[in-house]
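Engineer: How does the following fold in three dimensions:
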Amino acid sequence: MSPQPDTARQSLTEVETHGVDRIPDADRTARPLDLFRLAFGGANTFSTCVLGAFPILFGLSFWQGLAATLLGVLVGALILSPMAVFGPVNGTNNAVSSSAHLGVHGRVVGSFLSLLTAIAFFSISVWSSGDALVGGAHRLFGLGRGDLTYAVAYALFAGLVLAVCVYGFRFMLFVNKVAVASATALFLLGAIAFAGDFDASYAGVFTDTADAATKDLFWPSFIGAALIVLSNPVSFGAFLGDWSRYIPASTPRRRVMGAAFLSQLATLVPFVFGLATASIIAAKAPDYVDPAAPDFVGGLLAISPGWYFLPVCLLALIGGMSTGTTALYGTGLDFSSVFPRLSRVQATVLVGVLSTVFIFVGRFALDLVQSISTFATMIITCTTPWMVVMMLGFWTRRGWYDPEALQVFNRRQRGGRYWFAHGWNWRGMTAWWVAAVTGVLFTNIPGQFVGPLGDLANGVDISLPLSLVVAAVLFLTLLRVFPEPRAVYGPEGARLARTVEVAVEPVTGPGAVTVASATLRA
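Structural biologist: Modelled structure (predicted):
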């Protein structure tokens, strides 16, 4: 049920006070459509266009790049969509929900992964949007493009994103409602702007006349491009519960998962826009797609007709706000629980300031733009096994959780159903880190990062499928060989896993009397 108008207005203009505590049923008025808007709005952006250009930067033709893009988006959407169900079930974010499978203390793994993802995609959004705004202003008004101009643009843009995140979920939802429609319209307008220059026959470097050494790089390049695309949907894995927790628990799970899945399929709009325009840049202004120093934003402005400069600036502003807010909001929310002395607002400001400092160091002191593909692949390698543990844990538990026991860490208590061994569930933790390390060892990004075992598959990056299989097989094996306590499973018992009757350690700490009775009740 949608909120009443007065409630909606109050929620929009007042700063959100909820942390990662369970959202009260009365406040859970969001719909799967709202989840779609937030997840799609966070990716229907200029920074996604930059990721969409990578198949061309890797030397693929337009059609080869399109195949890699479709593969990455589809696989990523399938991996991501089950992560949407934890929010409605538990009323909290996914890092807190992971306490059930990694332990009360092990949930910090999700917080760490969300921090890395937030920094990466917040940085990409500020860099790409800031560069587009400065470049567009230079072409329209003759504004200088010195370091000071870029610094001011980055600072202003980061400040706008931070302000939206401080207000919280309802204000962010309002921004994304506007962003989804307007950014899509601007992308479609761009299709008109570049239709005359687009040539689907762009051949890339892997042609029949290419030498043998170049041809040998085709599959590594194809897989690498698909992994970069896949990093976009996977990056939402740690954040999806931040938004879906506002959806009532009674909402059918297939609708919640469907909203998450469709939100990623819809990102083909910015991905294909980036792919198509990159192929035009490669044909008309090839210096801008030089792998040694790629500049997609500069190339886009160089090939744009004059009347599309202003839409490019609007697209950069609106889209960057969506990406930045969806990345920063969840991390600020989660770190307010990791550091209990900080409120949600204080944690959001702290993470925002640190991310902004990182942006300035990366832009003016280092050369991190060329490392986007490496960082994105590392995010996939470390986050996907964590998601596998979460999803298989949900399946073996038959979707049953104790919401109060999930909050033990946030309340600085001890004990409860998910305490396991001193707050760590070594089964889930082992499956996660072994799979993540295995993925890193087999990573192969030509010219950037090759793991110690990365060449065993003839240069093809098999890190993702390998880490998926290792996480799944190892976690299920550990659940069979080393059964979890019966108390962590619901009335219907375990699915596939074995259990053992073990006394649950009582909850101790602030407010433990009430929580203990609720936690120990079967």
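
Engineer: Around Ala421, how many other residues sit close by?
Structural biologist: Number of residues near Ala421 (other CB atoms under 10 Å) recorded here: 12. All C-beta atoms are positioned from the backbone trio N, CA, C, and that covers glycine.

Engineer: and it, bridged to which residues?
Structural biologist: Trp424 (DSSP bridges).

Engineer: So it is in contact with His105, correct?
Structural biologist: No - Ala421 is beyond contact range of His105, at 9.8 Å (criterion: CB atoms under 8 Å).

Engineer: Any stretches of the stretch 401-522 of the chain with poor pLDDT?
Structural biologist: Along the stretch 401-522 of the chain, segments meeting pLDDT under 70 span 446-447, 512-522.

Engineer: what's the answer for the stretch 51-200 of the chain, then?
Structural biologist: Residues of the stretch 51-200 of the chain meeting the criterion pLDDT under 70: 166-176.

Engineer: at 90 what do you get?
Structural biologist: By pLDDT under 90, the low-scoring segments of the stretch 51-200 of the chain are 51, 54, 57-58, 93, 95, 108, 110-188.

Engineer: Run through the helices of it in chain order.
Structural biologist: 54-57, 62-80, 86-90, 94-97, 99-102, 108-141, 147-167, 169-194 (DSSP state H, counting those that start in this stretch).

Engineer: residues near Ile192, how many?
Structural biologist: Count around Ile192 with other CB under 10 Å applied: 10.

Engineer: Could you shift the numbering so residue one becomes 696, and keep it that way?
Structural biologist: Done: numbering now begins at 696, and the last item shifts to Ile887.

Engineer: So it versus Gly994, what's the distance?
Structural biologist: 19 Å (CB to CB, to the nearest Å).

Engineer: Assign the residue of the chain most remote from its centre to helix, strand or coil.
Structural biologist: Distance from the centre of the chain peaks at Thr904, with 39.2 Å (CA atoms, centre = their mean). Per DSSP: H, G, I helix; E, B strand; the rest coil, the local secondary structure of Thr904 is coil.

Engineer: What are the neighbouring residues in contact with it?
Structural biologist: Going by CB atoms under 8 Å, 6 or more residues apart in numbering, Thr904 touches no other residue.

Engineer: Kindly reformat the helices of the stretch 746-895 of the chain as a markdown table and extend each row with distance to Gly1149.
Structural biologist: Listed next are those as a markdown table, based on distance: least, CB to CB, whole Å:
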| stretch | distance to Gly1149 |
| --- | --- |
| helix 749-752 | 19 |
| helix 757-775 | 19 |
| helix 781-785 | 33 |
| helix 789-792 | 30 |
| helix 794-797 | 28 |
| helix 803-836 | 21 |
| helix 842-862 | 34 |
| helix 864-889 | 36 |
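
Engineer: Thought Ile1054 was touching Ala846, still the case?
Structural biologist: No - with contact defined as CB under 8 Å, Ala846 does not count as touching Ile1054 (9.8 Å).

Engineer: Which of those two has more residues huddled nearby?
Structural biologist: Neighbour count, other CB under 10 Å: between Ala846 and Ile1054, Ile1054 has more, with 24 against 15.

Engineer: just checking, the more buried one touches Ser818?
Structural biologist: Yes - between Ile1054 and Ser818 there is a contact under CB under 8 Å: 5.1 Å.

Engineer: Return the backbone torsion pair for Pro1180.
Structural biologist: phi -60, psi 140 (degrees, to the nearest 10).

Engineer: what residues are up against it?
Structural biologist: If you count contacts by CB under 8 Å, 6+ apart, Pro1180 has them with Arg1112, Phe1115, Thr1194, Val1195, Glu1196, Val1197, Val1199.

Engineer: what are the ranges of the helices in the stretch 896-1045 of the chain?
Structural biologist: Going by DSSP H, counting those that start in this stretch, the stretch 896-1045 of the chain shows helices at 907-910, 913-929, 935-939, 948-960, 963-979, 991-998, 1004-1033, 1039-1059.

Engineer: Where among these is average confidence lowest?
Structural biologist: Mean pLDDT is lowest for helix 1004-1033 among these, at a mean of 71.

Engineer: Quick one: distance of the helix or strand hosting Thr1079 to the chain centre.
Structural biologist: Remark: Thr1079 resides in helix 1067-1091, with elements defined by DSSP states H and E. From the chain centre to the centre of helix 1067-1091 is a distance of 10 Å (CA atoms, centre = their mean, to the nearest Å).

Engineer: C-terminal to that helix, what's the next element?
Structural biologist: helix 1098-1101.

Engineer: what packs against that next one?
Structural biologist: helix 794-797, helix 1207-1215 (3 or more CB pairs under 8 Å, 6 or more residues apart in numbering; DSSP states H and E).

Engineer: Alpha carbons only: can I get stretch 771-788 in PDB?
Structural biologist: Output of stretch 771-788 as PDB, limited to C-alpha atoms (Å, rounded to 0.1, in the frame of the first residue of the first chain):
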ATOM      1  CA  GLY A 771      24.500 -10.300 -13.500                       C
ATOM      2  CA  ALA A 772      20.700  -9.900 -13.200                       C
ATOM      3  CA  LEU A 773      20.300 -13.600 -12.400                       C
ATOM      4  CA  ILE A 774      22.900 -13.500  -9.700                       C
ATOM      5  CA  LEU A 775      21.600 -10.300  -8.200                       C
ATOM      6  CA  SER A 776      17.800 -10.800  -8.100                       C
ATOM      7  CA  PRO A 777      17.600 -13.200  -5.200                       C
ATOM      8  CA  MET A 778      19.500 -10.700  -3.000                       C
ATOM      9  CA  ALA A 779      16.300  -8.600  -3.000                       C
ATOM     10  CA  VAL A 780      14.300 -10.900  -0.800                       C
ATOM     11  CA  PHE A 781      16.300 -10.400   2.400                       C
ATOM     12  CA  GLY A 782      15.100  -6.900   2.900                       C
ATOM     13  CA  PRO A 783      11.300  -7.600   3.000                       C
ATOM     14  CA  VAL A 784      11.900 -10.800   5.100                       C
ATOM     15  CA  ASN A 785      14.100  -9.200   7.800                       C
ATOM     16  CA  GLY A 786      13.300  -5.500   7.500                       C
ATOM     17  CA  THR A 787      17.000  -4.600   7.500                       C
ATOM     18  CA  ASN A 788      19.900  -4.300   5.100                       C
END
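
Engineer: Now it: buried residues?
Structural biologist: By neighbour count on 16 or more other CB atoms under 10 Å, the buried set for stretch 771-788 is 771-772, 774-788.

Engineer: now do stretch 797-809
Structural biologist: Leu797, Gly798, Val799, His800, Gly801, Arg802, Val803, Val804, Gly805, Ser806, Leu808, Ser809.

Engineer: Same list, these, but as JSON lines with distance to Arg1093 please.
Structural biologist: Below are the buried residues of stretch 797-809 laid out as JSON lines (distance: CB to CB, whole Å):
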{"residue": "Leu797", "distance to Arg1093": "19"}
{"residue": "Gly798", "distance to Arg1093": "20"}
{"residue": "Val799", "distance to Arg1093": "21"}
{"residue": "His800", "distance to Arg1093": "25"}
{"residue": "Gly801", "distance to Arg1093": "21"}
{"residue": "Arg802", "distance to Arg1093": "21"}
{"residue": "Val803", "distance to Arg1093": "26"}
{"residue": "Val804", "distance to Arg1093": "23"}
{"residue": "Gly805", "distance to Arg1093": "22"}
{"residue": "Ser806", "distance to Arg1093": "26"}
{"residue": "Leu808", "distance to Arg1093": "26"}
{"residue": "Ser809", "distance to Arg1093": "26"}
